[in-house]
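1. Predicted model, plus sequence, below.
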Amino acid sequence: MQPRRRRLVPPRDPATLLPSLAAAPSQSRLREIHAHLLVSGRLASYSYLAAVIASLASSKHLSYARLLLPQRPATLFVHNSLIRALARGPRPHLTFAAFRELPFAPDHNSFTSLVRAATSLAAAASVKPVPPDVGVDLLAGSVHAAALRHGHAAYPHVQSGAVSMYAAVGDVRAVRAAFADIASPDMVCVTAMLGALSAGGDVVSARKLFDGMPQRDHVAWSAMITGYVHAGRSREALGLFDEMQKAGAAVSEATLVSVLTACAQMGTLERGMWVHSYVRSCRMRLSATLGTALLDMYSKCGFVSMAMQVFEIISDKSIYTWTSALSGLAMNGMGKECLDLFKRMEDAKVQPNAVTFVAVLRGCSMAGLVDEGRTCFDSMKHKHGVDPWPKHYGCMVDLYGRAGRLDDAVDFIHAMPVEPHEGVWAALLNASRIHNRVELGKYAMDKLMVMESKNCPAHVLLSNIYANSQNWKGVSRVRDVMKAKGVTKVPGCSAIEVYGMVHEFFVGSKSHPRYSEIETMLAEMNHRLRLQGYAANTKEVLFDIEEEEKESAISLHSEKLALAFGLITLPEGTAIRIMKNLRVCKDCHDYTKLISKVFDREIVMRDRNRFHHFKHGGCSCRDYW
């Protein structure tokens, strides 16, 4: 006997019909529910028909939704329901095709949805390309122009939507013009304007707008914090975050990502660890975006072991996560570990991009892994289909140059398929300084000056090359050129975080409130180091002062002041972490190695090029810098 087929009965409760439509597993089930709606007479209502079409359009049954449109004399209201559902859904690019197929003249609701779809696409375009079937003429300015042409651009929702749309595109001028047309902008509109100004780098105007807001939601706070971070004003970003918390505003993932970026820029490990603790206490999911920001913070604060712990627990690692971890290992001089992780990445079938290869090549350069770096460079195009950037060529010249293979570096430059850029010549100049190749350094400098006549670090490097060779006439010529061109040497600045507060020290400055204690500690440091045989290396100091004055000058380098402050404020056993804006000089490097031995302290120093981890009288760079 044949088993009796169970008859599928559509739900009778009207409230469950729309979800049932969207969740229908097959066309047959969909037709059953559709038939029930027809028989029941519910589709006679335009509003119910619109709701059915919107529900279908938001699911996998878009084609079925389109079939319903001509089932009765359709109205613009019904068509707009389809456009609105598409604009709010995961496929906003389909909105434009539905708009083009309108059998009626569009109204303000049509354009409200169209502007929303364009905004979503503009925001997504920063992450991945816009789908190819989206007409460029329907995006941003064209959408706004169409609204003007049809007389609906002055409708409040279209106006505020245009501000958000131009903000997502990054067109600050258009944002300003659209915002100026709004008589009474709401909080969403003002927040979009604030975000556009912040993203465009005008944080002063953004802050004025922010301060004038009678009400602020977490989006406005986050936009202002992000603006400060993008402008490199991390101190203001962290200060505003403190105000945000006092105001009781909700803290989103986007806000924490910006705060972690600010911590990474400043090297404020304590604040970054507080954010990590906050994430744990709130039981926030460690997404790829938040996790990547967290491991980047730990890497840029020199806490590599913690960075890699975070990397391992991120479940949905993106290419940005892998690249950030590789970059962190590279900047901390862990070239072999960087290559090992890259091999893991290849084994995991994650396709590297150009930024990934910059990180790996830098890791090889920092650790002197020349052959491995060359193999990696060759694999870019042939194995992974990644065309080299100018930065990759600069990495290769740096790789050869640091290893002392300057002839190979020059040959590589001459064989480049593109015109050598300033990064290539700067790498050769730095290699010439490391290996004291005066003529080659002058050659690289001449090439570099054609492209960047006011490059301060380059002038300083060449001056140091001459100074190391005792060529004081050469030093004098470089400094005369700097003076004639108006090139000024950036003063050295070192920062150290102590109990959540960042203290900055400039070279030669005596303005710190605890300078008398710092001066006493400096004297003790110098005394104890001299007992160990330390003698100041004054080769890179001005040539026209006496030797005693040279020693006095280098004794007040910013990192030494920060180091002394760390020794008098941080308890024994605590690592001293210093962030410096310039390359650490040879004397300060040797000095810090001895301090780590004599005072038995771990010292982590980040200069403009890399990290130096000092411990027991040695450095992680193995003097290869």
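-> All right, it came through fine.

2. Following the chain past whichever helix or strand C338 is part of, name the next helix or strand.
-> Using DSSP states H and E, C338 sits within helix 335-347. Counting by DSSP H and E, the element after helix 335-347 in chain order, helix or strand, is helix 354-367.

3. So for the next helix or strand after that next one, what gets flagged as buried?
-> The element immediately downstream of helix 354-367 (helix or strand, assigned by DSSP H and E) is helix 370-384. Buried residues in helix 370-384, counted by 16 or more other Cβ atoms under 10 Å: V370, E372, G373, R374, C376, F377, M380. The C-beta positions use only the backbone N, C-alpha and C, and glycine is treated the same way.

4. quick one: contacts of helix 370-384?
-> 335, 339, 342, 351-352, 357, 360-361, 364-365, 386-388, 392, 395-396, 399-400, 403, 405 (Cβ atoms under 8 Å, 6 or more residues apart in numbering).

5. Generate a PyMOL selection restricted to the buried entries among those residues.
-> To isolate in PyMOL the members of the contacts of helix 370-384 that are buried, counting by 16+ other Cβ under 10 Å, one can use:
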select buried, resi 335+339+342+352+357+360+361+364+365+386+388+392+395+396+399+400+403+405
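
6. Considering the buried residues of helix 370-384, which is situated nearest to P92?
-> Distance to P92, by Cβ to Cβ, is smallest for M380 among the buried residues of helix 370-384, at 34.6 Å.

7. which residues touch the nearest residue to that closest one once chain neighbours are set aside?
-> Once flanking residues are discounted, M380 sits nearest to V386: 4.6 Å by Cβ to Cβ, 6 or more residues apart in numbering. By Cβ under 8 Å, 6+ apart, V386 lies in contact with P352, N353, A354, F357, M380.

8. number of nearby residues for the third one?
-> Counted with other Cβ atoms under 10 Å, residues neighbouring A354 total 15.

9. What distance do you get for it to S299?
-> 20 Å (Cβ to Cβ, to the nearest Å).

10. before we move on, what about the second one?
-> Noted for N353: a distance of 18 Å to S299, by Cβ to Cβ.

11. between the two, who's got more neighbours?
-> Between N353 and S299, S299 has the larger neighbour count (other Cβ under 10 Å), namely 26 against 14.

12. tell me the SS of that one?
-> Of the three states, S299 takes helix under DSSP: H, G, I helix; E, B strand; the rest coil.

13. If I look at it, what pLDDT would I see?
-> At S299, the pLDDT value in this model is 97.

14. residues contacting it?
-> Under the criterion of Cβ under 8 Å, 6+ apart, the neighbours of S299 are A264, A307, S324, A325, S327, G328, L329, M331, N332.

15. What of W425?
-> Neighbouring residues of W425 by Cβ under 8 Å, 6+ apart: A444, M445, K447, L448, M451.

16. re earlier: what two of the contacts of S299 are the furthest from one another?
-> Spanning the widest gap among the contacts of S299 are A264 and L329, at 15.2 Å by Cβ to Cβ.

17. neighbour count winner among these two?
-> Ranked by neighbour count (other Cβ under 10 Å), A264 and L329 place L329 first, with 29 against 23.

18. re earlier: what comes into contact with the helix holding C338?
-> For helix 335-347, contacts defined as Cβ under 8 Å, 6+ apart pick out 322, 325-326, 329-330, 352, 356, 359-360, 363-369, 372, 376.

19. now stretch 499-516
-> In contact with stretch 499-516 (Cβ under 8 Å, 6+ apart) are residues 235, 266, 268, 270-271, 491-497, 518-519, 553, 556-559, 561-562, 565, 568-569.

20. before we move on, what about stretch 187-203?
-> 159-160, 163-164, 166-167, 170, 172, 175-176, 179, 182, 185, 205-206, 209-210, 213, 215-217, 219-220, 223-224, 226-228, 230-231, 233, 236.

21. Would you mind giving both backbone torsions of the residue nearest to C619 when sequence neighbours are not counted?
-> Among residues not flanking C619 along the chain, H612 sits closest, at 5.2 Å (Cβ to Cβ, 6+ apart). Phi and psi for H612, reported as degrees, to the nearest 10, are phi -120, psi 120.

22. The residue nearest to S234 when sequence neighbours are not counted: how many residues sit nearby?
-> With sequence-adjacent residues excluded and distances taken as Cβ to Cβ, 6+ apart, S234 is closest to A262, at 3.9 Å. Neighbour count for A262, taken as other Cβ under 10 Å: 28.

23. Then A262 would be within a strand, right?
-> No - A262 is assigned helix when assessed by three-state DSSP, not a strand.

24. List the buried residues in the helix holding C338.
-> Residues of helix 335-347 classed as buried: G335, E337, C338, L339, L341, F342, M345 (neighbour count, 16+ other Cβ under 10 Å).

25. residue ranges of the helices in the stretch 1-150 of the chain, please?
-> Taking DSSP state H, counting those that start in this stretch as the criterion, the stretch 1-150 of the chain carries its helices at 14-23, 27-40, 46-57, 62-68, 76-88, 94-100, 108-125, 141-149.

26. Looking at those helices, which is nearest to C621?
-> Nearest to C621, of all the helices of the stretch 1-150 of the chain, is helix 108-125, at 40.6 Å by Cβ to Cβ.

27. What is that closest one packed up against?
-> Counting contacts by 3 or more Cβ pairs under 8 Å, 6 or more residues apart in numbering; DSSP states H and E, helix 108-125 packs against helix 76-88, helix 94-100, helix 141-149, helix 156-169.

28. Pick the most deeply packed of the ones you listed.
-> Neighbour counts (mean count of other Cβ atoms under 10 Å) averaged over each of these peak at helix 156-169, with a mean of 25.

29. pLDDT of the helix or strand following that helix, averaged?
-> The helix or strand immediately downstream of helix 156-169 is helix 172-180, counting by DSSP H and E. Averaging pLDDT along helix 172-180 gives 89.

30. tell me the mean pLDDT for the helix or strand immediately after helix 172-180 in the chain?
-> For helix 172-180, the following helix or strand on the C-terminal side (DSSP H and E) is helix 187-199. Mean per-residue pLDDT for helix 187-199: 87.

31. Export helix 187-199 to CSV, keeping only CA atoms.
-> Extracted in CSV, the C-alpha atoms of helix 187-199 (Å, rounded to 0.1, in the frame of the first residue of the first chain):
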residue,chain,number,x,y,z
MET,A,187,21.3,64.1,14.1
VAL,A,188,21.8,61.4,11.5
CYS,A,189,22.5,64.1,8.8
VAL,A,190,24.9,66.0,11.1
THR,A,191,26.7,62.8,12.0
ALA,A,192,27.2,62.0,8.3
MET,A,193,28.6,65.5,7.8
LEU,A,194,30.8,65.1,10.8
GLY,A,195,32.1,61.8,9.4
ALA,A,196,32.8,63.2,6.0
LEU,A,197,34.8,66.2,7.5
SER,A,198,36.7,63.8,9.8
ALA,A,199,37.5,61.4,7.0
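
32. quick one: buried residues of that helix?
-> Burial within helix 187-199, assessed by neighbour count using 16+ other Cβ under 10 Å, is assigned to V188, C189, V190, T191, A192, M193, L194, G195, A196, L197, S198, A199.
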